[in-house]
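In: Next comes the sequence, and after it the predicted model I'd like to discuss.
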Amino acid sequence: MSIEVRNIQKTFHGTTPALHNVTASIREGELIGFLGPSGSGKTTLLRIIAGLETQSAGQVLIDGRVVDELPPQQRGVGFVFQSYALFKHMTVFDNIAYGLRVQKKGKQEVRARVKELLNFVHLAGFEHRYPHQLSGGQAQRVALARALAPRPKILLLDEPFAAIDTKIRKELRQWIRHVHDELGITSIFVTHDQEEALEIADRVLVMNQGKVEQLGTPEEVYESPASLFVANFVGEANHYAGTAKGGRVAFGPMQVPAPAYPDGCRLHVVIRPSDVKLRESTAEGDVVGEVAHVSYRGNFYAVEVTLRDDTRILAYASKAQDHLLNTGTRVAIEVTGCRLFEEGPV
Ligand code: ADP
Ligand code: MG
């Protein structure tokens, strides 16, 4: 089912708005990541879609139909929360069966469905355990089974793995992608972790201070950020400020073309480390610097280079370049791409 939010506004009694004019369209079958720093309004937006919170203004449409008057249980939505919101006094079986019993399903049907779900979340044999007898990852798999039991068409996940160790969290998010694809549902996955969002989402909704900054594919938000905020928040970035002059903008010893901007225009320059090339300095006029710090990132290196005027730049280098990667080595840098943002009112 598709999900649409139109001009959603949310103010919690007299404070500054938690959501400001949020409009977005999610297509049937998509896995969307809501990405933003803590307090940016992700949970509030998700709860409004689920019907657990009422917006101050605006509309929510599911499958093209306004659902603002519908209670959560009639919206066909399954919800997994950040904290393990399992019922502590109930077994795994009863937790998963909960929604089915609310729907007054027969005993046989409940039994069969819970069994099916336990297999689906790889927890067959765990039905008699209590939540305190589960690891964090297992508890969240039970929470997912419980959310899926009534066969929702939409699955909402609010930082479901935030409290789980990195390695297991990575496995679980791959698994969520798999679950999503297998069930053919529409899902929203909330996270403050950009790596997590880029890795599993079809498209990412980037939020900041209650506003939508961008809705796009992982490639779009990374390679063509719509705002300075997105450029800085999604992926690593070098960030400088300068003033346009003669169709260029200079910062420290570097300069890049800025033909679209008049002289005197204040600009933010954002350069991805992957757009900074390192080589041996050979020619007069090279922009040169000294390798200040190298960190190993698995299949590449992140190299911090100190340039003239104490300007620093982060570059990614391959293993083939390891002859350049000693602290103090003199290198030439070349910027092969950048994004410019006009300095505006914040
Ligand atoms: P996120 O999930 O991105 O961290 P939230 O949606 O939880 O952000 O919060 C957005 C803003 O709304 C924050 O400033 C938060 O303090 C505020 N907020 C959220 N829930 C409530 C509430 N029940 N009462 C008052 N303020 C709230
Ligand atoms: Mg939240």
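Out: Ah, there it is. Predicted model only: the values in this text are computed from it and were never measured. Numbers count the residues shown, from 1 in each chain. Ligands and ions are numbered 1, 2, ... in the order given.
In: would you list every one of the helices in this protein?
Out: For the chain, helices defined by DSSP state H occupy the ranges 42-50, 92-102, 107-120, 136-148, 166-183, 194-200, 218-223, 228-233.
In: what's the closest of those to ligand 1?
Out: helix 42-50 (3.2 Å; C-beta to the nearest ligand atom). C-betas here are computed from N, CA, C, even on glycine.
In: what's next to the lengthiest strand in the chain, contact-wise?
Out: Secondary structure of the chain read by DSSP state E shows that its longest strand is strand 287-296. For strand 287-296, the external contacting residues (C-beta atoms under 8 Å, 6 or more residues apart in numbering) are 253-254, 281, 301-308, 312-313, 324-334.
In: what is the rounded mean pLDDT of that strand?
Out: Here strand 287-296 scores 94 as its mean pLDDT.
In: Tabulate the helices of the chain (a markdown table), appending distance to ligand 1.
Out: Output for the helices of the chain, formatted as a markdown table (distance: least, C-beta to the nearest ligand atom, whole Å):
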| stretch | distance to ligand 1 |
| --- | --- |
| helix 42-50 | 3 |
| helix 92-102 | 24 |
| helix 107-120 | 27 |
| helix 136-148 | 17 |
| helix 166-183 | 18 |
| helix 194-200 | 13 |
| helix 218-223 | 17 |
| helix 228-233 | 12 |
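In: With distance to residue 160, mean pLDDT and mean neighbour count added, can I get the ones you listed in JSON lines?
Out: JSON lines is the format used below for the helices of the chain (distance: least, C-beta to C-beta, whole Å; pLDDT from 0 to 100; neighbours: other C-beta atoms under 10 Å):
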{"stretch": "helix 42-50", "distance to residue 160": "11", "mean pLDDT": "97", "mean neighbour count": "23"}
{"stretch": "helix 92-102", "distance to residue 160": "15", "mean pLDDT": "94", "mean neighbour count": "20"}
{"stretch": "helix 107-120", "distance to residue 160": "16", "mean pLDDT": "95", "mean neighbour count": "16"}
{"stretch": "helix 136-148", "distance to residue 160": "5", "mean pLDDT": "93", "mean neighbour count": "23"}
{"stretch": "helix 166-183", "distance to residue 160": "8", "mean pLDDT": "92", "mean neighbour count": "15"}
{"stretch": "helix 194-200", "distance to residue 160": "10", "mean pLDDT": "93", "mean neighbour count": "19"}
{"stretch": "helix 218-223", "distance to residue 160": "19", "mean pLDDT": "94", "mean neighbour count": "18"}
{"stretch": "helix 228-233", "distance to residue 160": "21", "mean pLDDT": "95", "mean neighbour count": "22"}
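In: Just the buried subset of the contacts of strand 287-296, please.
Out: Among those, the ones that count as buried by 16 or more other C-beta atoms under 10 Å are 254, 301, 303-305, 307, 313, 324-325, 329, 331-333.
In: on that earlier part again, looking at the helices of the chain, which is nearest to residue 13?
Out: Residue 13 lies closest to helix 42-50 among these, at 13.5 Å (C-beta to C-beta).
In: got the contact list for residue 129?
Out: 91, 92.
In: Against ligand 1, how distant is it?
Out: 30 Å (C-beta to the nearest ligand atom, to the nearest Å).
In: ok, so what distance separates that residue from residue 100?
Out: Per C-beta to C-beta, to the nearest Å, residue 129 is found 19 Å from residue 100.
In: If residue 154 is in a bridge, with which residues?
Out: Taking DSSP bridges as the rule, residue 154 bridges to residue 77, residue 186.
In: contacting residues for it?
Out: So residue 154 contacts 1, 3, 62, 75, 76, 77, 78, 185, 186, 187, 188 (C-beta under 8 Å, 6+ apart).
In: before we move on, what about residue 28?
Out: Counting by C-beta under 8 Å, 6+ apart, residue 28 touches 1, 2, 63, 186.
In: Could you measure from it over to ligand 1?
Out: 25 Å.
In: who's in contact with the nearest residue to that residue once chain neighbours are set aside?
Out: Distances taken as C-beta to C-beta, 6 or more residues apart in numbering put residue 2 closest to residue 28, at 4.8 Å, once the chain neighbours are dropped. Shown in contact with residue 2 (C-beta under 8 Å, 6+ apart): 25, 26, 27, 28, 61, 62, 63, 64, 186.
In: Contact residues of the chain facing ligand 1?
Out: 12, 15, 18, 36, 38, 39, 40, 41, 42, 43, 44 (C-beta under 6 Å from any ligand atom).
In: Any chance of a markdown table for the residues you listed, columns distance to residue 222?
Out: Output for the residues of the chain next to ligand 1, formatted as a markdown table (distance: C-beta to C-beta, whole Å):
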| residue | distance to residue 222 |
| --- | --- |
| 12 | 33 |
| 15 | 33 |
| 18 | 27 |
| 36 | 15 |
| 38 | 21 |
| 39 | 23 |
| 40 | 18 |
| 41 | 22 |
| 42 | 19 |
| 43 | 24 |
| 44 | 26 |
